[in-house]
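Student: Attaching a predicted model along with its sequence, questions to come.
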Amino acid sequence: MGHDHGHDHTHGANKKALMISFIIITVYMIIEAIGGFITNSLALLSDAGHMLSDSVSLGVGLLAFTLGEKVANYSKTYGYKRFEILAAVFNGVTLILISIYIFYEAYHRFVEPPEVASTGMLIIASIGLLVNILVAWILMRGDTEENLNLRAAFLHVLGDLLGSVGAVTAALLIMFFGWGWADPLASVIVAILVLISGWRVTKDAIHVLMEGTPKSVELDKIIKTMESVKGVLSIHDLHVWSITSGQNALSCHAVVDGNLSVLESQKILRTIEHKLEHQGIGHVTIQMENNDHPHEDSLLCQNDQESKEHDHEH
């Protein structure tokens, strides 16, 4: 019960952080886009473009949190919690597409560097930097380690922050040295950072959608933990996956001593659940069976058998 209360508290804090960040970023994104057009700066426009993706990212993130609060029903037995991961995929792909567009624009700017109003660019970029520092600080106070959706939003803003640093530097280089190429160069650096963060978020989100083993979970440790419980002979057909960020699930078959009573089996089950909760697994489904129960056709057994046959053929 305490675990659920903690999760709800974190969820509320994450949602509030996203809401405040969304409002700040959206307002300044409009200001920076107008400033980019007036000063003719690609570094500012690319930063505004990235801020637009931030705004969309934060908006979709908020929607994901709101939908995630909807209770489970017969149609969606896990509720809408997985929508958060879909939002993270969307954010990651958006980042990748924006970075490709910035590369394209920067190429043309290198070929023909346009006139840039460096003073206006410096003022707008400096304010943008302060705005991004504020939003990054707000998001960092949330659960950016466990929550994939919040981490996606945080990476967006971090890329933005570095983009603002690039725009400030480019403005200073244009003002003091007249280096027109500093503007597209700053936008390329932003694009590289955006591309890296976009790739990471997309990869992590797809791993969750493919029901891969959560990064925080060590399967060998999980197996040893369960097999260390008195009465458990072995574990097979083990699956561990994430429902959404910070909510891991496990299902397996546990072979137990056939002489155990129902009460003793229930006690073993409760012990395993308690031990696994300390290893970050909140949803546990275990099928108890004795040695007489056939389990050659289980998924992991099949995979092991196929692997052995494949190796034998070679």
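Tutor: Yep, that arrived. Computed from a predicted structure; not experimentally measured. Residues are numbered from 1 along each chain as shown.

Student: show me where this structure has helices.
Tutor: Using DSSP state H, the helices of the chain run over 2-39, 42-68, 83-111, 118-140, 148-177, 182-209, 219-227, 262-277, 299-313.

Student: Now distance to residue 246 too, for the ones you listed, in JSON lines please.
Tutor: Every C-beta, even on glycine, is put in place using the N, C-alpha and C of the backbone. Formatted as JSON lines, the helices of the chain follow (distance: least, CB to CB, whole Å):
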{"stretch": "helix 2-39", "distance to residue 246": "7"}
{"stretch": "helix 42-68", "distance to residue 246": "11"}
{"stretch": "helix 83-111", "distance to residue 246": "10"}
{"stretch": "helix 118-140", "distance to residue 246": "16"}
{"stretch": "helix 148-177", "distance to residue 246": "9"}
{"stretch": "helix 182-209", "distance to residue 246": "11"}
{"stretch": "helix 219-227", "distance to residue 246": "17"}
{"stretch": "helix 262-277", "distance to residue 246": "13"}
{"stretch": "helix 299-313", "distance to residue 246": "26"}
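
Student: got the ones you listed as CSV, with mean pLDDT and distance to residue 244 columns?
Tutor: Formatted as CSV, the helices of the chain follow (pLDDT from 0 to 100; distance: least, CB to CB, whole Å):
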stretch, mean pLDDT, distance to residue 244
helix 2-39, 75, 10
helix 42-68, 76, 7
helix 83-111, 84, 5
helix 118-140, 87, 18
helix 148-177, 81, 8
helix 182-209, 85, 8
helix 219-227, 88, 20
helix 262-277, 88, 17
helix 299-313, 47, 23
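
Student: Among the ones you listed, which comes closest to residue 255?
Tutor: Residue 255 sits nearest to helix 219-227 of all the helices of the chain, at 9.8 Å, using CB to CB.

Student: which helices and strands does the closest one pack with?
Tutor: Applying 3 or more CB pairs under 8 Å, 6 or more residues apart in numbering; DSSP states H and E, one finds that helix 219-227 makes contact with strand 232-244, strand 247-256, helix 262-277.

Student: Same list (the ones you listed) but as a markdown table, adding mean neighbour count and distance to residue 103.
Tutor: Formatted as a markdown table, the helices and strands packed on helix 219-227 follow (neighbours: other CB atoms under 10 Å; distance: least, CB to CB, whole Å):
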| stretch | mean neighbour count | distance to residue 103 |
| --- | --- | --- |
| strand 232-244 | 18 | 33 |
| strand 247-256 | 20 | 37 |
| helix 262-277 | 15 | 46 |
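
Student: To residue 139, which of those lies closest?
Tutor: strand 232-244 (18.1 Å).

Student: that older thread, compare the helices of the chain and give me the one nearest residue 288.
Tutor: It's helix 262-277; of these, that one is closest to residue 288 (CB to CB) at 5.3 Å.

Student: and residue 280, what does it touch?
Tutor: For residue 280, the contacting residues are 214, 216, 217, 248, by CB atoms under 8 Å, 6 or more residues apart in numbering.

Student: my guess is the third one contacts residue 282, does it?
Tutor: No. The pair residue 217 / residue 282 is not scored as a contact, 11.8 Å apart, by CB atoms under 8 Å.

Student: Residues that sit against both of those two, list them.
Tutor: Counting by CB under 8 Å, 6+ apart, the common neighbours of residue 217 and residue 282 are residue 248.

Student: so who does the most far-flung residue of the chain relative to its centre touch?
Tutor: Distance from the C-alpha centroid of the chain peaks at residue 259, with 46.1 Å (CA atoms, centre = their mean). Residues in contact with residue 259 (CB under 8 Å, 6+ apart): none are found.

Student: hang on, isn't residue 55 packed against residue 29?
Tutor: Yes. Contact between residue 55 and residue 29 holds when scored by CB under 8 Å: they sit 5.4 Å apart.

Student: What's the local residue count around residue 29?
Tutor: By other CB atoms under 10 Å, the residues close to residue 29 number 23.

Student: please begin residue numbering at 20 from this point
Tutor: Will do, 20 is the new start, and the previous item becomes residue 48.

Student: residues touching the residue lying closest to it once chain neighbours are set aside, list them.
Tutor: Of all residues not flanking residue 48 in the chain, residue 70 sits nearest, at 3.7 Å (CB to CB, 6 or more residues apart in numbering). Counting by CB under 8 Å, 6+ apart, residue 70 makes contact with 44, 47, 48, 51, 52, 147, 179.

Student: okay, among those, which ones form the most distant pair?
Tutor: Greatest spacing in the contacts of residue 70, by CB to CB: 52 and 179 (13.0 Å).

Student: who has more neighbours, these two?
Tutor: Higher neighbour count among residue 52 and residue 179: residue 179, with 29 against 18, using other CB under 10 Å.

Student: how far away is that one from residue 125?
Tutor: Distance, residue 179 to residue 125, by CB to CB, to the nearest Å: 17 Å.
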